[in-house]
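[1] The amino acid sequence is not available; the structure is as follows:
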């Protein structure tokens, strides 16, 4: 598809593509800044990037189009999605503006900037597009690019490689969390456990409960729900109620289970006398 | 010779600063020794100076910053020689006078809070720069010394001064720096002008040569003049820029106050005489009315303020504001007697106000308070102190027979022959001078002896050795100022030729020539 | 009678002093001796306490001897070879200003030298006794010597700068001597007041010197008087008036007379020497010495006479109301100097009488002051005449010498006062014209009042019954004090006759002030009137103070008396016109300086501090507001680019 | 045609700019920055085609590289801020102020 487009694009096909993609990309861009959920704006950005990739292709830059798709959208955007996942995919921003007059100022400046550019481009006398036919002549676009990179821009190329390495290193350093206190040894853990008011281990989720799903809280002997049995991360993640298989909400299920357990506990326990 | 005069105190300062911690007494002796050596050297130089020889003698010239065209050029004419002598004579006396001022920086009996040897090192550094600033014949070098001088003084006032010392030190520094920056702009402007007119130079001789003067258009000359003049007006406090002096002199230790008022301010008037007048003759003539009114205001305003003061050191500071009005009046009257009088006035004022400050310092170190009403009837208890204070005071109000009268008389007569009204108003200054000196003398020395003053000791031997030479010089110059005048007159004549001003002929002679 | 102006038109005699030789060439010794004495006494400190005063007196006597020798050498010289120049050293030389310190020994200065050293030595001798028990006697004699040296420099200088140095030196000496007993606040204030009022006079003198330099280009008498006729009339009058202002300051004439009465705070010998004989006459010397200038400007001369007469009357009136013996004598000094200034203002004939009266006054007024001193000495330093009375029996010598002085001053015929003061009154009338008449009559009235208050003083002190306090038992003063009194009495008796008879003094002063046009006629129509007025004055005083007992406490007088007691409100005037507004001015300027100029500086600092505080708030910390400013910046850059490009 | 591409890139760039100013979520702000970078890449490419030399594309290529490095470090920073402050809002990190 790229070869055809690049070789013989005559006027109407290209402008048609341009207009479609322009609308798509502008719409996606607007969507990106206006949606509340971060994931949606990430996807909108992906749309913009794809339309740009096509536009690159139209502009006789096939290599860039693929790099855009593979590297930029594929890697960088995915990185965004990873971080969105970690940070909180569900966290929606309230679009209420906190800084006084920020939105108005942003609009004014944005429009002024755009107007300035349009006036600028309007006045600019652009020469006829010369097209990259001869530049891509021997060996196509990639060979042309490679020839240029490794002759004229070889120094910039090396510098960017160093940049990438430092960026990777930087990211690693930033993300790495320094342990403020030494890793607690087994000895210390047991000592703390004894010192703390709860020596016995926490009930794993689902104990005495109807089922042992990872977010189902365990029941204490007196029938009440043990909050400690569910990991806090997951606890926070509990979106909707946990529909029990038989239509009762977990509290109801927990309550019946608690009755049975209480009954077992109040039953008097024959205590075998230990021969002293 | 001159470089030696600058190098010795600088090295001395370093030496004193690097002495081991506790050896205060040694530091003092070394400091005194160095200053005495410098004094002897400068006297030898003065003897060798040939008044009617070349204008600049003992000149040395080396490349300093080649790219900027800056030389290390030193040389001495009559005026500079006399002022260098003033400073090299005053500094040893100041060192001797503030022998244990620094010890009491921590309170009367507490161990010295601040290191004694830094105080003396700073004094020596200050002396090096003082000699340097008077000896520099390269405008850039002059500027460097002009600014470098502020640092030691800032530290002296800042760490050894009176209660509001930090306020006074900062105010002093900012005021002079502001002036200095204006001057820097003017110095650069000068270089640019000289560059257009041939090769860029800072050397004073080349700058005052006619071929460069013609290239400066009158307006640029006025601006450059203003740049230099404001810096010098701040340094020698002319009225609107004078408020730093009472604070600085009031808060500084007595010895430093002597140097600030005695020598540092002279740099301002010296600069006016040599740089403002000689480099921009047209502009100085154009600005003369303004300067005259400022100086006359300064004379009367300073004197009236001095009458109203309650602190001795501030009072003496304000008197020197009034005296500086006289000096600038003499300089810008542009008559030979006026300018020679003004230069002589710089020397005399250095000694008379120096003596006043030293004696005030002794009184304050005894009594602890600088307020005039804390004293009373000291004459009965310390007659020697009172006597020398009276002589210093009388030279302050320029009593004939003492040195200041000669210079003030020459300034007034010189000014009158060209500008009648300012001279008459300035003469009112001598009445006000009598009032503030005698009233201060009466409130502190005469009348019944106040309680607190009862135990005051008279001048110790050391203090007497400090004051006696100054009083001797004051009386000697009062009766026989000829040697100093012979040194000053040739260079003043040169300045006047440069400013194309002749002395106005007496009206009788003119009438005679008309008939 | 040739009118005065015709004579004067010829201009003063040409002053061509030749180089001095013989004793006169060592004239500088006159100044050097007392100066050395003062220096030795001041610098030596305690060691010379014992013989300090003797050294002082010796120095003064030495100067007197040199003076007499120079005088006799001058007598030997031919009339117009009498002004001699002694070159000392070049004092100031700067371009056009050339001032050499030379001494001019001529008849005028030699007569002053004799008066100063003569009366001065007598007073030194007197002070030996008077100050015998004062701990600071050495310092007193040092200051006396300093004063004599300065006064001699004043009269001997050959240029106005030397005169000015002597002028202020004398002011300093009077400051030191008036404030000698410094622990007394009143003495200290009086000394300060004297110096400052003198300084106001000196202001006039220094401006006169400046005008002279601007006009004549030189300040020596020779050049100034030589070229005086060429200068414009306005300048000459200006110089004349300014010199008059200087003279008023020093001789306590009307505008600047307030300090003389307070100057009595000083020890009596001081009042005698400085405030009677020598310093106060410096003003008259200045006017007579600058006669060439005054001859050229009639209205300056007129003003001099007016000031003279006004002070004459004021002094007399004050003299009548003062109970303090020294203040009364001070009032009389002021009025006698008024006479001298009046005479000096009358032109040629007046000069001779002015100087003659000055010398005579020097003798009898110093004699009376010393007499008053010995009276105070006896009444253990009480000055209130109302507590004296009947002292003639107890202190015969003082009474006798004081009496002779009294007779001389009221112009008792035959004594020196009569010769000189009548001469002045006669010269005033001779001046002719309405002004002559007015001056003459006022002078006559002054003579009458003089007779009245001097007799009042005599009667209250020496006659009537004693009104002493209990613990006072007066006794005659020791020999060392009475000998000078006797000598001065002889001078006050013989002085006048010796000078005026046969125009001896007039011929003596001729080379300096010019030939007198007519020899002095002894008996003039006015002599009788003067005598009559004198008798009336004495009679009035006799009736009031000898017939009726003198009350011990001053009775409340009518407004006229209080007017006189308050020194014609001179002090009140000075205070309300000058001192109080002056204090207000100083307080105002100090406030203005601290708030105004300093305010601007501190205000500037505070302003900068304030704005930086506000500007700080722009850093809100929100990344997005920074982004906004970046975006605005970008927009501006793009705009600027287009602006430049299009 | 190049003018059209330039206008499109200007629009996308401005939208990205406004996005940076309006959104408070750090990641979205970051995405807007990426959008601005892509807009410039489009302008580069269209100029390259207009001038007929590949330099524009190389510059675009380098922009991508730099953008990648920037994203890596930027997100790491956002991660650390989130970890310490439990909030990814840009406005919460406002301690560095007057």
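    Received the coordinates, thanks. Quick caveat, the model's predicted, so the values are computed rather than measured.
[2] make it CA atoms for all contacts and neighbour counts henceforth
    Will do.
[3] three-state assignment of residue A:131?
    Three-state call for residue A:131 (DSSP: H, G, I helix; E, B strand; the rest coil): coil.
[4] Equivalent analysis for the one 3 residues further on, please.
    Here residue A:134 is recorded as coil under three-state DSSP.
[5] okay, now it: neighbour count?
    13 (other Cα atoms under 10 Å in any protein chain shown).
[6] Show me where the stretch 1-150 of chain A has its helices.
    Counting by DSSP state H, counting those that start in this stretch, the stretch 1-150 of chain A has helices at residues A:2-8, A:11-34, A:38-58, A:62-67, A:78-88, A:102-123, A:140-149.
[7] Report all helices and strands that the following helix or strand past the last one contacts.
    Toward the C-terminal end, the helix or strand that comes next after helix A:140-149 (DSSP states H and E) is helix A:154-175. Other elements packing on helix A:154-175 under the criterion 3 or more Cα pairs under 8 Å, 6 or more residues apart in numbering or on different chains; DSSP states H and E are helix D:55-85.
[8] does any part of the helix it packs on sit near chain A?
    Yes: contact of helix D:55-85 with chain A (Cα under 8 Å from any Cα of the partner chain) involves D:55, D:57-58, D:61-62, D:64-66, D:68-73, D:75-77, D:79-80, D:82.
[9] Any quick PyMOL command for the buried ones out of those residues?
    The PyMOL selection below is limited to those of those classed as buried (16 or more other Cα atoms under 10 Å in any protein chain shown):
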select buried, chain D and resi 55+57+58+61+62+64+65+66+68+69+70+71+72+73+75+76+77+79+80+82
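[10] Let me see the contact set for the residue in chain C that chain A sits nearest to.
    Taking Cα to the nearest Cα, chain A has its nearest neighbour within chain C at residue C:635, 5.3 Å off. Residues counted as contacts of residue C:635 (Cα atoms under 8 Å, 6 or more residues apart in numbering or on different chains) are A:109, A:112-113, A:116.
[11] chain center to the helix or strand encompassing it, what's the gap?
    Here residue C:635, judged by DSSP H and E, is contained in helix C:623-645. Chain-centre distance of helix C:623-645: 84 Å, with Cα atoms, centre = their mean, to the nearest Å.
[12] Give me the angle between that helix and helix A:102-123.
    Orientation check (axes from the mean of the first three to the mean of the last three Cα atoms, to 10 degrees): helix C:623-645 against helix A:102-123 gives 30 degrees.
[13] Check which residues of helix C:623-645 are buried.
    Neighbour-count burial for helix C:623-645 flags C:623-625, C:627-628, C:631-632, C:635-636, C:638-639 (criterion: 16+ other Cα under 10 Å).
[14] State the mean pLDDT of the helix or strand harbouring residue D:27.
    Per DSSP H and E: residue D:27 is located in helix D:26-51. The predicted model assigns helix D:26-51 a mean pLDDT of 91.
[15] Now residue A:219. Its backbone dihedrals?
    Here is the backbone geometry of residue A:219 (degrees, to the nearest 10): phi -110, psi 140.
[16] need the longest strand for chain C.
    Determined from DSSP state E, the single longest strand within chain C is strand C:84-94.
[17] do it and chain B meet?
    Yes: legend: contact between strand C:84-94 and chain B by Cα under 8 Å from any Cα is shown at C:90-94.
[18] can I assume residue C:418 sits in a strand?
    No: using three-state DSSP, the assignment for residue C:418 is helix, not a strand.
[19] so who does it touch?
    Contacts of residue C:418 by Cα under 8 Å, 6+ apart are C:408-412, C:496.
[20] Can you show me the helices along the stretch 101-250 of chain C?
    Under the criterion DSSP H, counting those that start in this stretch, helices of the stretch 101-250 of chain C are mapped to C:107-130, C:137-156, C:160-178, C:185-216, C:221-227, C:233-251.
[21] buried ones in stretch B:359-373?
    B:359-365, B:367, B:370-372.
[22] and what of stretch C:397-411?
    For stretch C:397-411, burial by neighbour count (16+ other Cα under 10 Å) applies to C:397-411.
[23] just those residues now: which is nearest chain D?
    Chain D lies nearest to residue C:409 out of the buried residues of stretch C:397-411, by Cα to the nearest Cα, at 91.5 Å.
[24] re earlier: between the contacts of residue C:635, which sits nearest residue C:77?
    Distance to residue C:77 across the contacts of residue C:635 (Cα to Cα) is lowest for residue A:109, with 109.6 Å.
[25] okay if I get the contacts of residue C:635 as JSON lines plus pLDDT?
    Converted to JSON lines, these look like this (pLDDT from 0 to 100):
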{"residue": "A:109", "pLDDT": "92"}
{"residue": "A:112", "pLDDT": "92"}
{"residue": "A:113", "pLDDT": "92"}
{"residue": "A:116", "pLDDT": "89"}
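[26] Include distance to residue C:289 when you put those into JSON lines, please.
    As requested, the contacts of residue C:635 are exported to JSON lines (distance: Cα to Cα, whole Å):
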{"residue": "A:109", "distance to residue C:289": "92"}
{"residue": "A:112", "distance to residue C:289": "93"}
{"residue": "A:113", "distance to residue C:289": "94"}
{"residue": "A:116", "distance to residue C:289": "94"}
